[in-house]
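Asks: Quick one: sequence plus predicted model below, questions after.
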Amino acid sequence: MKASDCLFDAHADWLVNTLANCTNPLPEVKTQLPDGTRAIRRAVGVLELCPPTDRPNPNHEALIISAGVHGNETAPIEVLNGLVTELLNGQWTLACPVLLILGNPPAMLAGDRFIDANMNRLFHGAHGKEEYHGLPEAARAQFLEEACRQFAAQHPHNLCHYDLHTAIRPSRREKFALYPFVAGREVPRAQCDFLLEAGVETLLLQHREGTTFSSFSSSVLKAESFTVELGKVRPFGQNDLSRFTGISTALRRRMSGLPPVPPTPPRDHLAVFEVVHEIINSGDSFRFHVPDDVANFTEYAPGTLIWEDAEMEYRVGHSPESIVFPNRNVPVGQRVGLLIRPRQSLGA
Ligand SMILES: O=C(O)CCC(=O)N[C@@H](CCC(=O)O)C(=O)O
Ligand SMILES: [Zn+2]
(Lines give C-alpha, C1' and ligand atoms only; values in the text may rest on other atoms or scores of the structure.)
(Ligands and ions follow the chains in the order given, each with its own letter.)
Protein backbone atom coordinates (compact mmCIF):
# COMPACT_ATOMS: atom_id res chain seq x y z
CA MET A 1 0.00 0.00 0.00
CA LYS A 2 1.28 3.50 -0.83
CA ALA A 3 1.85 5.96 2.05
CA SER A 4 -0.76 8.27 0.57
CA ASP A 5 -3.35 5.45 0.52
CA CYS A 6 -2.74 4.92 4.22
CA LEU A 7 -2.89 8.62 5.15
CA PHE A 8 -5.78 9.53 2.86
CA ASP A 9 -8.49 7.45 1.15
CA ALA A 10 -7.19 5.30 -1.70
CA HIS A 11 -6.61 7.39 -4.86
CA ALA A 12 -7.15 10.67 -2.97
CA ASP A 13 -4.54 13.29 -2.34
CA TRP A 14 -4.29 15.46 0.81
CA LEU A 15 -6.56 18.19 -0.52
CA VAL A 16 -9.25 15.78 -1.74
CA ASN A 17 -9.12 13.97 1.60
CA THR A 18 -9.37 17.27 3.49
CA LEU A 19 -12.35 18.57 1.51
CA ALA A 20 -14.17 15.20 1.66
CA ASN A 21 -13.80 15.02 5.45
CA CYS A 22 -13.97 18.69 6.32
CA THR A 23 -16.50 18.24 9.12
CA ASN A 24 -15.45 14.72 10.18
CA PRO A 25 -13.34 14.22 13.30
CA LEU A 26 -10.81 11.94 11.54
CA PRO A 27 -8.67 9.76 13.81
CA GLU A 28 -4.92 10.23 13.88
CA VAL A 29 -3.15 8.03 11.30
CA LYS A 30 0.56 7.21 11.27
CA THR A 31 2.65 5.65 8.55
CA GLN A 32 6.20 5.54 7.28
CA LEU A 33 7.36 6.50 3.81
CA PRO A 34 9.65 4.00 2.01
CA ASP A 35 12.64 6.25 2.87
CA GLY A 36 11.88 6.10 6.60
CA THR A 37 10.19 9.50 6.95
CA ARG A 38 7.43 9.34 9.58
CA ALA A 39 4.11 10.80 8.45
CA ILE A 40 1.25 11.54 10.81
CA ARG A 41 -2.15 12.85 9.78
CA ARG A 42 -2.96 14.56 13.08
CA ALA A 43 -6.44 15.62 11.99
CA VAL A 44 -8.24 16.76 8.86
CA GLY A 45 -5.83 19.06 7.03
CA VAL A 46 -3.00 18.67 9.55
CA LEU A 47 0.03 16.62 8.49
CA GLU A 48 3.27 16.20 10.41
CA LEU A 49 6.28 14.75 8.63
CA CYS A 50 9.56 13.93 10.29
CA PRO A 51 12.71 12.57 8.61
CA PRO A 52 14.59 9.70 10.28
CA THR A 53 16.79 10.97 13.12
CA ASP A 54 20.02 9.87 11.39
CA ARG A 55 19.28 11.96 8.28
CA PRO A 56 21.15 15.30 8.20
CA ASN A 57 19.07 18.47 8.54
CA PRO A 58 21.59 20.79 6.85
CA ASN A 59 19.66 24.00 7.55
CA HIS A 60 19.04 22.92 11.19
CA GLU A 61 15.41 24.01 11.11
CA ALA A 62 11.79 23.00 11.49
CA LEU A 63 8.97 24.48 9.42
CA ILE A 64 5.28 25.16 9.93
CA ILE A 65 3.63 25.91 6.60
CA SER A 66 -0.05 26.79 6.51
CA ALA A 67 -2.54 27.72 3.81
CA GLY A 68 -6.33 27.93 3.66
CA VAL A 69 -6.78 29.83 6.92
CA HIS A 70 -9.04 31.78 4.56
CA GLY A 71 -10.99 29.17 2.62
CA ASN A 72 -11.23 31.06 -0.67
CA GLU A 73 -7.49 31.72 -0.94
CA THR A 74 -6.94 28.62 -3.01
CA ALA A 75 -3.62 29.05 -4.84
CA PRO A 76 -1.45 28.56 -1.73
CA ILE A 77 -3.58 25.51 -0.85
CA GLU A 78 -2.84 24.04 -4.30
CA VAL A 79 0.87 24.87 -3.92
CA LEU A 80 1.12 23.16 -0.53
CA ASN A 81 -0.89 20.14 -1.67
CA GLY A 82 1.41 19.83 -4.70
CA LEU A 83 4.49 19.73 -2.44
CA VAL A 84 2.88 17.04 -0.26
CA THR A 85 2.03 14.94 -3.33
CA GLU A 86 5.61 15.16 -4.63
CA LEU A 87 7.01 14.22 -1.23
CA LEU A 88 4.68 11.25 -0.74
CA ASN A 89 5.48 10.07 -4.30
CA GLY A 90 9.16 10.02 -3.39
CA GLN A 91 10.12 12.75 -5.87
CA TRP A 92 12.43 14.27 -3.24
CA THR A 93 13.48 13.58 0.33
CA LEU A 94 12.46 15.54 3.39
CA ALA A 95 15.36 16.94 5.43
CA CYS A 96 13.62 18.75 8.29
CA PRO A 97 10.52 18.24 10.44
CA VAL A 98 7.47 19.97 8.98
CA LEU A 99 3.96 20.66 10.21
CA LEU A 100 1.69 21.31 7.23
CA ILE A 101 -1.74 22.84 7.76
CA LEU A 102 -4.83 23.47 5.64
CA GLY A 103 -6.46 25.88 8.04
CA ASN A 104 -10.19 26.07 7.49
CA PRO A 105 -11.47 23.03 5.52
CA PRO A 106 -15.24 23.85 5.74
CA ALA A 107 -14.57 27.35 4.33
CA MET A 108 -12.35 25.80 1.63
CA LEU A 109 -15.23 23.51 0.60
CA ALA A 110 -17.66 26.43 0.60
CA GLY A 111 -15.19 28.61 -1.36
CA ASP A 112 -15.57 31.37 1.24
CA ARG A 113 -13.12 33.41 3.29
CA PHE A 114 -14.75 31.99 6.43
CA ILE A 115 -18.01 30.42 7.63
CA ASP A 116 -18.91 32.17 10.93
CA ALA A 117 -15.86 34.18 11.91
CA ASN A 118 -12.59 35.25 10.25
CA MET A 119 -10.27 32.54 11.57
CA ASN A 120 -7.22 34.77 11.15
CA ARG A 121 -8.55 36.95 13.98
CA LEU A 122 -9.02 34.00 16.37
CA PHE A 123 -5.43 33.08 17.23
CA HIS A 124 -3.21 34.20 20.08
CA GLY A 125 -5.98 33.15 22.48
CA ALA A 126 -8.75 35.20 20.80
CA HIS A 127 -10.67 31.95 20.16
CA GLY A 128 -11.53 31.99 23.88
CA LYS A 129 -13.50 35.25 23.71
CA GLU A 130 -17.17 35.05 24.69
CA GLU A 131 -18.35 36.27 21.27
CA TYR A 132 -16.75 33.26 19.53
CA HIS A 133 -17.98 30.66 22.02
CA GLY A 134 -19.18 27.49 20.27
CA LEU A 135 -18.03 28.48 16.78
CA PRO A 136 -16.24 25.69 14.88
CA GLU A 137 -13.65 28.21 13.64
CA ALA A 138 -12.75 29.10 17.23
CA ALA A 139 -12.35 25.41 18.08
CA ARG A 140 -10.20 24.90 14.97
CA ALA A 141 -7.96 27.86 15.83
CA GLN A 142 -7.51 26.46 19.34
CA PHE A 143 -6.72 23.01 17.93
CA LEU A 144 -4.18 24.43 15.47
CA GLU A 145 -2.51 26.43 18.23
CA GLU A 146 -2.16 23.24 20.27
CA ALA A 147 -0.79 21.25 17.29
CA CYS A 148 1.76 24.02 16.69
CA ARG A 149 2.66 24.18 20.41
CA GLN A 150 3.36 20.43 20.47
CA PHE A 151 5.41 20.65 17.28
CA ALA A 152 7.38 23.60 18.66
CA ALA A 153 8.03 21.76 21.92
CA GLN A 154 9.63 18.93 19.93
CA HIS A 155 11.50 21.25 17.54
CA PRO A 156 12.18 24.50 19.42
CA HIS A 157 15.29 25.57 17.47
CA ASN A 158 15.09 27.59 14.27
CA LEU A 159 11.35 27.19 13.95
CA CYS A 160 9.85 29.14 11.05
CA HIS A 161 6.20 29.60 10.12
CA TYR A 162 4.97 30.73 6.71
CA ASP A 163 1.21 31.35 6.63
CA LEU A 164 0.33 31.56 2.94
CA HIS A 165 -2.53 33.78 1.70
CA THR A 166 -3.82 35.59 -1.35
CA ALA A 167 -5.43 39.03 -1.20
CA ILE A 168 -9.00 40.12 -1.97
CA ARG A 169 -7.90 43.17 -4.01
CA PRO A 170 -5.46 43.41 -6.86
CA SER A 171 -2.12 44.76 -5.69
CA ARG A 172 0.42 47.20 -7.11
CA ARG A 173 2.97 44.93 -5.44
CA GLU A 174 1.73 41.47 -6.30
CA LYS A 175 3.54 39.53 -3.61
CA PHE A 176 4.25 40.86 -0.14
CA ALA A 177 4.87 39.52 3.33
CA LEU A 178 3.85 40.81 6.75
CA TYR A 179 6.22 40.46 9.69
CA PRO A 180 4.35 40.20 12.99
CA PHE A 181 5.31 42.69 15.68
CA VAL A 182 7.35 41.39 18.60
CA ALA A 183 9.02 44.05 20.75
CA GLY A 184 12.73 44.30 19.98
CA ARG A 185 12.64 41.70 17.18
CA GLU A 186 14.36 42.43 13.87
CA VAL A 187 13.92 40.59 10.59
CA PRO A 188 16.84 38.17 10.05
CA ARG A 189 18.75 38.64 6.79
CA ALA A 190 18.26 34.96 5.91
CA GLN A 191 14.49 35.47 6.03
CA CYS A 192 14.74 38.45 3.66
CA ASP A 193 16.77 36.30 1.28
CA PHE A 194 14.16 33.55 1.47
CA LEU A 195 11.36 36.01 0.65
CA LEU A 196 13.28 37.27 -2.38
CA GLU A 197 13.93 33.67 -3.44
CA ALA A 198 10.16 33.13 -3.30
CA GLY A 199 9.56 36.20 -5.49
CA VAL A 200 8.28 38.28 -2.57
CA GLU A 201 9.91 41.69 -2.97
CA THR A 202 7.92 43.70 -0.42
CA LEU A 203 7.87 43.41 3.36
CA LEU A 204 5.45 45.15 5.70
CA LEU A 205 6.42 45.43 9.35
CA GLN A 206 3.43 45.15 11.67
CA HIS A 207 3.12 47.76 14.42
CA ARG A 208 1.52 45.72 17.20
CA GLU A 209 0.81 42.14 18.23
CA GLY A 210 -2.33 40.77 16.65
CA THR A 211 -4.64 37.77 16.65
CA THR A 212 -3.39 36.30 13.37
CA PHE A 213 -1.88 32.84 13.05
CA SER A 214 1.58 34.29 12.33
CA SER A 215 1.36 36.66 15.29
CA PHE A 216 0.58 33.68 17.55
CA SER A 217 3.49 31.57 16.29
CA SER A 218 5.85 34.51 16.39
CA SER A 219 4.98 35.75 19.88
CA VAL A 220 4.12 32.49 21.65
CA LEU A 221 6.29 29.91 19.87
CA LYS A 222 9.17 32.34 19.18
CA ALA A 223 9.12 31.27 15.55
CA GLU A 224 10.31 33.44 12.69
CA SER A 225 6.85 33.90 11.19
CA PHE A 226 5.40 35.67 8.18
CA THR A 227 1.99 36.06 6.61
CA VAL A 228 2.80 35.80 2.91
CA GLU A 229 0.43 37.31 0.33
CA LEU A 230 1.09 35.64 -3.00
CA GLY A 231 -1.40 37.15 -5.44
CA LYS A 232 -5.12 37.51 -5.80
CA VAL A 233 -7.92 35.30 -4.48
CA ARG A 234 -9.37 32.92 -7.10
CA PRO A 235 -11.52 29.77 -6.86
CA PHE A 236 -9.98 26.28 -7.04
CA GLY A 237 -8.90 25.43 -10.58
CA GLN A 238 -8.75 29.07 -11.71
CA ASN A 239 -5.25 29.85 -10.46
CA ASP A 240 -2.37 30.40 -12.86
CA LEU A 241 0.07 28.27 -10.88
CA SER A 242 2.97 29.54 -13.00
CA ARG A 243 2.68 32.73 -10.89
CA PHE A 244 3.40 30.68 -7.75
CA THR A 245 6.53 28.77 -8.79
CA GLY A 246 8.72 31.10 -6.69
CA ILE A 247 7.14 30.09 -3.40
CA SER A 248 6.83 26.43 -4.30
CA THR A 249 10.48 26.22 -5.44
CA ALA A 250 11.69 28.07 -2.35
CA LEU A 251 9.66 25.91 0.05
CA ARG A 252 10.74 22.70 -1.71
CA ARG A 253 14.35 23.84 -1.34
CA ARG A 254 13.87 24.46 2.39
CA MET A 255 11.98 21.20 2.99
CA SER A 256 14.59 19.15 1.15
CA GLY A 257 17.44 20.82 3.05
CA LEU A 258 19.27 22.39 0.10
CA PRO A 259 21.52 25.36 0.93
CA PRO A 260 20.25 28.95 0.62
CA VAL A 261 20.66 30.49 -2.81
CA PRO A 262 22.28 33.93 -3.16
CA PRO A 263 19.47 36.48 -3.42
CA THR A 264 18.53 37.54 -6.94
CA PRO A 265 17.47 40.29 -7.03
CA PRO A 266 19.97 41.49 -4.44
CA ARG A 267 18.80 41.96 -0.88
CA ASP A 268 18.39 45.73 -1.23
CA HIS A 269 15.59 44.98 -3.63
CA LEU A 270 13.28 44.14 -0.73
CA ALA A 271 11.05 47.19 -0.31
CA VAL A 272 10.21 47.66 3.35
CA PHE A 273 7.08 49.43 4.65
CA GLU A 274 5.79 50.18 8.12
CA VAL A 275 2.27 50.72 9.40
CA VAL A 276 1.34 54.35 10.05
CA HIS A 277 -2.28 53.82 11.03
CA GLU A 278 -4.66 50.89 11.47
CA ILE A 279 -8.22 51.72 10.39
CA ILE A 280 -10.84 50.13 12.64
CA ASN A 281 -14.58 49.96 12.03
CA SER A 282 -15.78 52.14 14.89
CA GLY A 283 -19.50 51.51 14.47
CA ASP A 284 -22.66 53.06 12.97
CA SER A 285 -21.23 56.46 12.12
CA PHE A 286 -18.03 55.07 10.57
CA ARG A 287 -17.50 56.21 6.95
CA PHE A 288 -14.63 54.84 4.86
CA HIS A 289 -13.66 57.03 1.93
CA VAL A 290 -11.44 54.55 0.06
CA PRO A 291 -13.33 53.08 -2.93
CA ASP A 292 -14.20 49.37 -2.88
CA ASP A 293 -12.10 48.49 -5.92
CA VAL A 294 -8.84 50.20 -5.00
CA ALA A 295 -5.66 48.10 -5.32
CA ASN A 296 -3.37 47.34 -2.39
CA PHE A 297 -0.45 49.82 -2.19
CA THR A 298 -2.46 52.64 -3.81
CA GLU A 299 -0.89 55.86 -2.55
CA TYR A 300 -2.85 58.81 -1.12
CA ALA A 301 -1.54 62.37 -0.98
CA PRO A 302 -1.04 64.29 2.28
CA GLY A 303 -4.33 65.64 3.59
CA THR A 304 -6.60 63.06 1.88
CA LEU A 305 -9.60 62.16 4.07
CA ILE A 306 -9.49 58.38 4.60
CA TRP A 307 -12.20 57.79 7.20
CA GLU A 308 -14.44 59.62 9.64
CA ASP A 309 -17.01 58.90 12.29
CA ALA A 310 -19.11 61.05 14.61
CA GLU A 311 -16.10 61.88 16.77
CA MET A 312 -13.02 62.00 14.58
CA GLU A 313 -11.53 61.81 11.13
CA TYR A 314 -8.26 60.54 9.71
CA ARG A 315 -6.35 62.35 6.99
CA VAL A 316 -3.04 61.32 5.45
CA GLY A 317 -0.14 62.99 7.29
CA HIS A 318 2.79 65.02 5.93
CA SER A 319 4.05 62.36 3.53
CA PRO A 320 2.03 60.07 1.22
CA GLU A 321 0.50 56.92 2.72
CA SER A 322 -0.63 53.76 0.90
CA ILE A 323 -3.61 51.56 1.66
CA VAL A 324 -3.37 47.79 2.21
CA PHE A 325 -6.28 45.34 2.74
CA PRO A 326 -9.12 47.88 2.34
CA ASN A 327 -12.31 46.09 3.37
CA ARG A 328 -15.32 48.00 4.75
CA ASN A 329 -17.28 44.76 5.30
CA VAL A 330 -15.79 43.79 8.64
CA PRO A 331 -17.48 43.63 12.05
CA VAL A 332 -17.28 46.61 14.41
CA GLY A 333 -13.92 46.63 16.16
CA GLN A 334 -12.07 44.88 13.32
CA ARG A 335 -9.50 46.12 10.82
CA VAL A 336 -10.83 47.97 7.76
CA GLY A 337 -7.35 48.51 6.33
CA LEU A 338 -3.80 49.57 7.04
CA LEU A 339 -2.12 52.82 6.03
CA ILE A 340 1.57 52.32 5.43
CA ARG A 341 4.66 54.24 4.33
CA PRO A 342 8.10 53.20 3.09
CA ARG A 343 10.76 52.62 5.70
CA GLN A 344 14.37 53.35 4.88
CA SER A 345 15.91 50.24 6.42
CA LEU A 346 15.11 47.10 8.36
CA GLY A 347 17.27 48.24 11.21
CA ALA A 348 18.79 44.76 11.26
O1 LIG B 1 -6.98 41.08 0.97
C2 LIG B 1 -7.37 41.25 2.12
O3 LIG B 1 -8.07 42.22 2.45
C4 LIG B 1 -7.00 40.27 3.19
C5 LIG B 1 -5.95 39.26 2.80
C6 LIG B 1 -5.60 38.53 4.07
O7 LIG B 1 -6.24 37.58 4.40
N8 LIG B 1 -4.62 39.07 4.80
C9 LIG B 1 -4.33 38.62 6.11
C10 LIG B 1 -3.20 39.42 6.66
C11 LIG B 1 -2.85 38.96 8.03
C12 LIG B 1 -1.80 39.81 8.71
O13 LIG B 1 -2.09 41.00 8.93
O14 LIG B 1 -0.72 39.27 9.01
C15 LIG B 1 -5.59 38.80 6.97
O16 LIG B 1 -6.29 39.81 6.77
O17 LIG B 1 -5.84 37.96 7.80
ZN1 LIG C 1 -6.02 35.56 3.82
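Replies: Arrived safely. Ligands and ions are numbered 1, 2, ... in the order given.
Asks: make it CA atoms for all contacts and neighbour counts henceforth
Replies: Will do.
Asks: Averaged pLDDT, the longest helix along the chain. What do you get?
Replies: Secondary structure of the chain per DSSP state H: the longest helix is helix 136-154. In this model, helix 136-154 carries a mean pLDDT of 98.
Asks: Give me the contact list for it.
Replies: Applying C-alpha atoms under 8 Å, 6 or more residues apart in numbering, the contact partners of helix 136-154 are 64, 99, 103-104, 115-119, 122-123, 125, 127-128, 132, 159, 216-217, 221.
Asks: can you list the residues of this structure near ligand 1?
Replies: Contacts of the chain with ligand 1, taken as C-alpha under 6 Å from any ligand atom, map to 120, 165, 166, 167, 168, 169, 178, 212, 227, 325, 326, 327.
Asks: Reformat these as JSON lines; add neighbour count.
Replies: Shown next, in JSON lines, are these (neighbours: other C-alpha atoms under 10 Å):
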{"residue": "120", "neighbour count": "23"}
{"residue": "165", "neighbour count": "28"}
{"residue": "166", "neighbour count": "25"}
{"residue": "167", "neighbour count": "23"}
{"residue": "168", "neighbour count": "19"}
{"residue": "169", "neighbour count": "18"}
{"residue": "178", "neighbour count": "21"}
{"residue": "212", "neighbour count": "23"}
{"residue": "227", "neighbour count": "24"}
{"residue": "325", "neighbour count": "19"}
{"residue": "326", "neighbour count": "23"}
{"residue": "327", "neighbour count": "20"}
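Asks: biggest separation within those residues, which pair?
Replies: Spatially, the most separated pair among those is 169 and 212, at 19.2 Å (C-alpha to C-alpha).
Asks: In terms of helices and strands, where is residue 79?
Replies: Using DSSP states H and E, residue 79 sits within helix 74-88.
Asks: ok, and does that helix reach over to ligand 2?
Replies: No - judged by C-alpha under 5 Å from the ion, helix 74-88 stays clear of ligand 2, getting no closer than 9.8 Å.
Asks: Show me what counts as buried in that helix.
Replies: With burial defined by 16 or more other C-alpha atoms under 10 Å, the residues of helix 74-88 counted as buried are 74, 75, 76, 77, 78, 79, 80, 81, 83, 84, 87, 88.
Asks: Where does the stretch 101-250 of the chain get nearest to ligand 2, which residue?
Replies: Using C-alpha to the ion, residue 165 is the residue of the stretch 101-250 of the chain that sits closest to ligand 2, at 4.5 Å.
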